[in-house]
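Asks: dropping the sequence and predicted coords here.
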Amino acid sequence: MAPTTRIYRTPKPATPEQLYSWHDSPGAFHRLSPPWREVEVEEVVGTIRPGDRKRLRIPLVGPIGVTWDLVHTDDVDSLGFVDTQVKGPFRSWRHEHHFWSDGNGHAVLEDRVEYGLPMGPLGRVVVGSRVNAEMDRLFELRHTRTRIDLQRLVRNRKDTPMRIAITGSTGLVGERLVAFLRGGGHDVLRLVRSEPKASDEISWSPSTGEIDAESLEGLDAVVHLAGVSISSGLWTEKRKQAILQSRVEGTQLLARTLAGLQSPPKVLVTASGVNYYGDTGNRETTESAPGGEGFLADVVRQWEAASEPAKVAGIRVVNARFGVVMAGEGGMLPLIALPFRFGVGGPLGSGKQWMSWIALDDLVGVIHEAIINEELSGPINATSPEPVTNEEFTKTLGTVLKRPTFLRVPAFAARTVGGQLAEELILISLRVVPARLQEIGFHFAFPTLEAALRHELGRYVGHRASEEPAAEDREDIAA
């Protein structure tokens, strides 16, 4: 039985050589993995060169999964590479990556996948349409992310790769940021609390005030993302103290250490939060607004003040005030989406409170912009330019998931269950806009909530598979 062929082809804002180099980077595989499906990487040898290989664990149901072994070759008729299944869920698998030129110095990315399902015709009847649909989702994500990353990396390309240290590198934002920066050819070092086990790890311990300062000499930039999660667990007094200390102690240690280096970094980018403004009601709020009231507003004030030693030492400090991060693999979105998937989602409280949010891929782009762009310093609102009310958020999420949204949760019920956490994270109104980013012309890939949710949850409209191109069409776009 002949294998099924799926072809995905889109133009990219780079040369074919840049497109190949991006795929050849250590961060590319992570950037091309879907946020809505957890894929365990059991082994990686190399990148995409002939003989390089990967072993993946693909979840099926619960703890049940399947091992997928892939090996790379270069037997394609253009600039590109191939991965072929050695062992895995398919009867056969061959994925060709072609990088063509459009004749104007830009690339056309073509993914050509030929696969055979187990059980022959029966396998095609039982799961064929589902496999095709899942493949369309995957390649929509891959082509979208490739385009976004290349746009940002080529626009802010450096002649010499940067050396960048990151705290919180295993967290939700940190993992994507590390992969993105490595995709751009940068040397990324990770500050870890455990004993370093890899050449890219640097030891530090905010609670004891210990840090390997020598390893921070000569860096170009430092990004500080570490801190106890504010949304996992009720806010007991002990938990609130941990939230505050983890942010202030870590930032103070890092800022003091960088200030005392012989060769300090040019920039320190620290995470912060829009909760600095307190409840803004319906008022559109920019970075020039004063601080508000509440536990989180006080945390953010102390958090940002802790970076002052670095600023005094002449290091450019950027305090990126994060909105609610929309990410398919973690954070608040999967928790919010869960009741919607069962058809019991709805507005929280009045539904009129504003939510300032940002797609995770855009947040990664904001941090990259803060590293590169010397115009940015001080507080910047890392939020989408289009905040929404809770009612609008609810309606949009229901549309994306194709689920009803009629079950409203009263404010008193949210307070009864969540206490102060519900008051300051769910029922608070934060209508914050990214004035500084708009002033410098930062491009948001996902300015609207629906686009962000479809991207992060893999709920795209339509598909990107195409038919086999005619030979003359390939010659037109060949280099």
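Replies: Arrived safely.
Asks: which stretches in the stretch 251-400 of the chain count as helices?
Replies: Along the stretch 251-400 of the chain, the segments classed as helices by DSSP state H, counting those that start in this stretch run 295-305, 308-312, 332-341, 360-372, 390-401.
Asks: quick one, the fourth one and helix 332-341 angle?
Replies: It stands for helix 360-372. If you take axes from the mean of the first three to the mean of the last three C-alpha atoms, to 10 degrees, helix 360-372 sits at 170 degrees to helix 332-341.
Asks: tell me which other helices or strands helix 360-372 touches.
Replies: Packing contacts for helix 360-372, counted by 3 or more C-beta pairs under 8 Å, 6 or more residues apart in numbering; DSSP states H and E, involve helix 120-155, helix 172-183, strand 221-224, strand 267-273, strand 316-322, strand 324-326, strand 378-382, helix 449-457. All C-beta spots, glycine's among them, are computed from the backbone N, C-alpha and C.
Asks: returning to what we had before: ranking the helices of the stretch 251-400 of the chain by burial, who's on top?
Replies: Mean neighbours per residue, mean count of other C-beta atoms under 10 Å, is largest over these for helix 360-372, with a mean of 25.
Asks: follow-up on the earlier one: which one, of the helices of the stretch 251-400 of the chain, ends up nearest to residue 263?
Replies: Smallest distance to residue 263 across these (C-beta to C-beta): 14.0 Å, for helix 308-312.
Asks: other SSEs contacting that closest one?
Replies: helix 237-259.
Asks: name the SS class of the closest residue to residue 59 other than its chain neighbours, please.
Replies: Spatial nearest neighbour of residue 59, excluding adjacent residues (C-beta to C-beta, 6 or more residues apart in numbering): residue 65 at 4.7 Å. At residue 65, secondary structure determined by DSSP: H, G, I helix; E, B strand; the rest coil is strand.
Asks: low-confidence ranges, the chain, go.
Replies: For the chain, residues meeting the criterion pLDDT under 70 lie at 1, 61-62, 158-159, 462-479.
Asks: circling back to that earlier point, let's have the helices of the stretch 251-400 of the chain in CSV, adding distance to residue 425.
Replies: What follows is those, written out as CSV (distance: least, C-beta to C-beta, whole Å):
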stretch, distance to residue 425
helix 295-305, 8
helix 308-312, 27
helix 332-341, 8
helix 360-372, 18
helix 390-401, 12
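Asks: buried ones in stretch 178-194?
Replies: 178-186, 188-192 (16 or more other C-beta atoms under 10 Å).
Asks: first-to-last residue distance for that stretch?
Replies: 18 Å (C-alpha to C-alpha, to the nearest Å).
Asks: burial of residue 423, as a residue count?
Replies: Using other C-beta atoms under 10 Å, residue 423 has 18 other residues around it.
Asks: nearest to residue 264 among the helices of the stretch 251-400 of the chain would be which one?
Replies: Nearest to residue 264, of all the helices of the stretch 251-400 of the chain, is helix 308-312, at 7.8 Å by C-beta to C-beta.
Asks: tell me the SS of residue 17?
Replies: helix.
Asks: count of residues packed around residue 236?
Replies: Neighbour tally, residue 236, other C-beta under 10 Å: 11.
Asks: quick check: phi and psi on it?
Replies: Main-chain torsions, residue 236, degrees, to the nearest 10: phi -70, psi 170.
Asks: mind checking how far it is from residue 242?
Replies: 9 Å (C-beta to C-beta, to the nearest Å).
Asks: show me what counts as buried in stretch 227-246.
Replies: 227-228, 230, 235, 239-240, 243-246.
Asks: ok, now stretch 375-386?
Replies: Buried residues in stretch 375-386, counting neighbours by 16+ other C-beta under 10 Å, are found at 376-377, 379-384.
Asks: what's the span of that stretch from first residue to last?
Replies: First residue to last in stretch 375-386 (C-alpha to C-alpha) measures 23 Å.
Asks: centre of the chain to that stretch, how far?
Replies: Centroid separation for stretch 375-386 versus its chain: 17 Å, with C-alpha atoms, centre = their mean, to the nearest Å.
Asks: again, but for stretch 235-245
Replies: In terms of C-alpha atoms, centre = their mean, the centre of stretch 235-245 is found 27 Å from the chain centre.
Asks: so who does residue 69 touch?
Replies: 53-55, 85-88 (C-beta atoms under 8 Å, 6 or more residues apart in numbering).
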